[in-house]
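In: just coords:
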């Protein structure tokens, strides 16, 4: 399989199987595959491997992809930081709706799913959020800063999965931004990842009480 196809296939198998498959491959081949996985899933995989093997794969990955994964590995798994992904779309708020749509066409191949468009300043501080629906409904000449939802609800990197689940349910969100100091946008947690994580926690609880 080509690395892209292998990466996609890996995301669809059980974590234990995923670890065994990666551990059995030569480091170069394994790194080629891991760097093509979504950053959050790559981080989960590397966190489950022996430290020496994880470090070796990071060393052999492309610099930008390795940096994204290393950022996620800083956080505990059962936190918003550990659940978030760094694959999301940001744009400056001064663009018009038409300019934003043009930018999105160029990003379509890089980002698999675009839930929201996050508007940030030059320091990556979150200013607001818009949806693709907004861009299509408003006048093409309207600036994003005029139509964006300001001060969107967010979570902190150390917030629990339960807190993230509560926020996504309360505000009916498909994804929630994770903000660091000074409101810097670090990543997003998608509702799919919230459900996956909460389901895994529920199974662990059931198994623990079944003994």
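Out: Great, that's in hand. No experiment lies behind these values; they were computed from the predicted model shown. Residues are numbered from 1 along each chain as shown.

In: following whichever strand or helix holds residue 90, which helix or strand shows up next?
Out: Applying DSSP states H and E as the criterion places residue 90 in strand 89-91. Reading on from strand 89-91 to the C-terminus, the next helix or strand found by DSSP H and E is helix 97-107.

In: buried ones in that following helix?
Out: For helix 97-107, the neighbour count (16 or more other C-beta atoms under 10 Å) marks 97, 99-100, 104 as buried. Backbone N, C-alpha and C define where each C-beta goes, glycine included.

In: now do the contacts for residue 117.
Out: Neighbouring residues of residue 117 by C-beta atoms under 8 Å, 6 or more residues apart in numbering: 89-91, 100, 104, 129-132, 135, 144.

In: can you give the domain ranges for this structure?
Out: 3-74, 89-196 (automatic domain parsing).

In: pLDDT weak spots in this structure?
Out: In the predicted model of the chain, residues 112, 200-211 satisfy pLDDT under 70.

In: where's residue 26 relative to residue 60, distance?
Out: With distances taken as C-beta to C-beta, to the nearest Å, residue 26 is found 10 Å from residue 60.

In: who has more neighbours out of these two?
Out: Ranked by neighbour count (other C-beta atoms under 10 Å), residue 26 and residue 60 place residue 60 first, with 17 against 9.

In: correct me, but that one touches residue 34?
Out: No - contact between residue 60 and residue 34 fails when scored by C-beta atoms under 8 Å: they sit 9.1 Å apart.

In: and of the domains of the chain, who's closest to residue 80?
Out: Closest to residue 80 of these is domain 89-196 (C-beta to C-beta; 4.3 Å).

In: start and end of that closest one, how far apart?
Out: Terminal residues of domain 89-196 lie 22 Å apart, using C-alpha to C-alpha, to the nearest Å.
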